[in-house]
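below is the sequence, then the predicted model.
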Amino acid sequence: MTKYTREVHMSLLHKKRIILLLGLFCLLVASPATAGNLSYDVNVKVDCNAVNFPDQKPFIETEKNRTYVPVRFVTEKLGAKVDWDEATQTAIVKKENKVVKATVNDNNPTVNGDTVSLDAPVILMNGRSLVPLRFMSEVMGSEIKWDGTTRTVYIGMEEELARCPNPDQQVAPQQPSENVGENNSGGSSGSGQGQQPSGGNGQGQQPSGQQPSGGSQIPAHLDKNGNGILDAAEKSGGYNKSGSSKPGSNPDFNLGTDLPNN
């Protein structure tokens, strides 16, 4: 090998290393959740029953007050079927006449073909896809109750949640929309899917809200001391298919921000 050839070879290797390092840096900067701003002190129950998260636990991204939950664990408890398309890194969630598709690192899941814009993407951690809790619950047509004492979020239908012990506040569901991504073996959508076990006490939480007599829906957020902060939004829902707030709704209310800072 000539000196010129060696120099060209070394130059190419150097450039590849720089590109690789830049790529890793971009991934770290773009990540919506880093170890320093996550709190795992949350619990999730569906119809009063604890959801088991054997490997990847739900968490609160404290910087933006957003709760993420593993897709499969919760949606299957709500009666949905989850398929995983390995080739496109897309979770496909089906329940009755609703089909939701959500792709890892994408902020624009679709619900029955209509795009919904979120302020946070589907993420992948420990081989599990995670989504903002409020979005997923609303897509499933479920209500949410939050027990600040036990830091537990209750998800389910109103009649089921009425049986749960002392959830102190309630958030009524808004328009259906959903977000799910689940990675696993199997490269096709449909039956080739990543499976997510169900089960235990690693859980997620969500803020509370109330249904006032005036017809507006009031989602509630909690501050660091556990005090409720209420934000009013229209009863018809605080977002549309493009993800923007409806006229008259609180611009600070979006599908991703739902739980308190730790």
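Now that the structure is in, tell me what you want to look at. This structure is a prediction, so every number in the text was calculated from the model and none was measured. Residues are numbered from 1 along each chain as shown.

need the contact list for residue 45.
51, 152, 153, 154, 155, 164, 203 (CB atoms under 8 Å, 6 or more residues apart in numbering). In this view, the C-beta of every residue, glycine as well, is placed from N, C-alpha and C.

buried among those? Make that a PyMOL selection.
Written as a PyMOL command, the selection of buried residues from these, which uses 16 or more other CB atoms under 10 Å, is:
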select buried, resi 51+152+153+154+155+164+203
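
how does this protein divide into domains?
Listed by automatic domain parsing, the domain ranges of the chain are 1-30, 37-230.

among those, show the one with the smallest mean pLDDT.
The weakest mean pLDDT among the domains of the chain belongs to domain 1-30, with a mean of 59.

helices of this structure, residue ranges please.
Across the chain, reading from the start of the chain, the helices by DSSP state H fall at 3-30, 71-77, 133-139, 158-161.

show me what the third one is packed up against.
What it means is helix 133-139. Counting contacts by 3 or more CB pairs under 8 Å, 6 or more residues apart in numbering; DSSP states H and E, the secondary-structure elements packed against helix 133-139 are strand 66-70, helix 71-77, strand 143-147.

mind listing what the last one pairs with, with the direction of each?
Okay, so that is strand 143-147. Using DSSP bridges, the strands paired with strand 143-147 in its sheet are strand 152-156 (antiparallel), strand 169-171 (antiparallel).

now the first one and strand 66-70, what's the angle there?
Read that as strand 152-156. 60 degrees (axes from the mean of the first three to the mean of the last three CA atoms, to 10 degrees).

send me strand 152-156 as CSV with only the CA atoms.
Backbone C-alpha positions of strand 152-156 (Å, rounded to 0.1, in the frame of the first residue of the first chain) are rendered in CSV as follows:
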residue,chain,number,x,y,z
THR,A,152,-51.3,6.6,41.5
VAL,A,153,-53.1,7.3,38.3
TYR,A,154,-56.3,5.3,37.7
ILE,A,155,-57.4,4.7,34.1
GLY,A,156,-60.7,3.2,32.9
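
tally of neighbours for residue 125?
Using other CB atoms under 10 Å, residue 125 has 17 neighbouring residues.

right, I mislabeled it, should have said residue 70
Neighbour count for residue 70, taken as other CB under 10 Å: 31.

quickly list what it is bridged to.
Here residue 70 shows beta-bridge partners residue 130, assigned using DSSP bridges.

quick check: it touching residue 54?
No. The pair residue 70 and residue 54 fails to qualify as a contact (CB atoms under 8 Å) at a distance of 9.8 Å.

residue 102 - nearest residue in space that isn't next to it in sequence?
residue 109 (3.8 Å; CB to CB, 6 or more residues apart in numbering).

gap between the one you found and residue 46?
Distance from residue 109 to residue 46, counting by CB to CB, to the nearest Å: 21 Å.

more neighbours: which of these two?
When residue 109 is set against residue 46 and neighbours are counted by other CB under 10 Å, the residue ahead is residue 109, at 28 against 24.

report the separation between residue 156 and residue 98.
17 Å.

what of residue 127?
Plainly put, residue 127 is 26 Å away from residue 98 if you go by CB to CB.

likewise for residue 66?
Residue 66 sits at a distance of 23 Å from residue 98 (criterion: CB to CB).

just residue 84 next, same as before
For residue 84, the distance to residue 98 under the criterion CB to CB works out to 18 Å.

quick one, which of those two is more surrounded?
More neighbours surround residue 84 than the other of residue 84 and residue 98, with 29 against 16 (other CB under 10 Å).

right, and that one touches residue 92 too?
Yes. If you go by CB under 8 Å, residue 84 and residue 92 touch, sitting 7.4 Å apart.

kindly format the C-alpha coordinates of stretch 122-135 as PDB.
Only the C-alpha atoms of stretch 122-135 are listed here, as PDB (Å, rounded to 0.1, in the frame of the first residue of the first chain):
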ATOM      1  CA  VAL A 122     -42.900   8.200  21.000                       C
ATOM      2  CA  ILE A 123     -39.700   7.000  22.500                       C
ATOM      3  CA  LEU A 124     -37.900   3.700  22.900                       C
ATOM      4  CA  MET A 125     -36.200   2.500  26.100                       C
ATOM      5  CA  ASN A 126     -35.000  -0.900  27.100                       C
ATOM      6  CA  GLY A 127     -36.700  -2.400  24.000                       C
ATOM      7  CA  ARG A 128     -40.100  -0.900  24.900                       C
ATOM      8  CA  SER A 129     -41.900   1.900  23.200                       C
ATOM      9  CA  LEU A 130     -43.400   4.600  25.500                       C
ATOM     10  CA  VAL A 131     -46.000   7.200  24.900                       C
ATOM     11  CA  PRO A 132     -47.400  10.200  26.700                       C
ATOM     12  CA  LEU A 133     -50.000   8.800  29.100                       C
ATOM     13  CA  ARG A 134     -52.800  11.300  28.500                       C
ATOM     14  CA  PHE A 135     -52.800  10.800  24.700                       C
END
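
alright, calling it a day.
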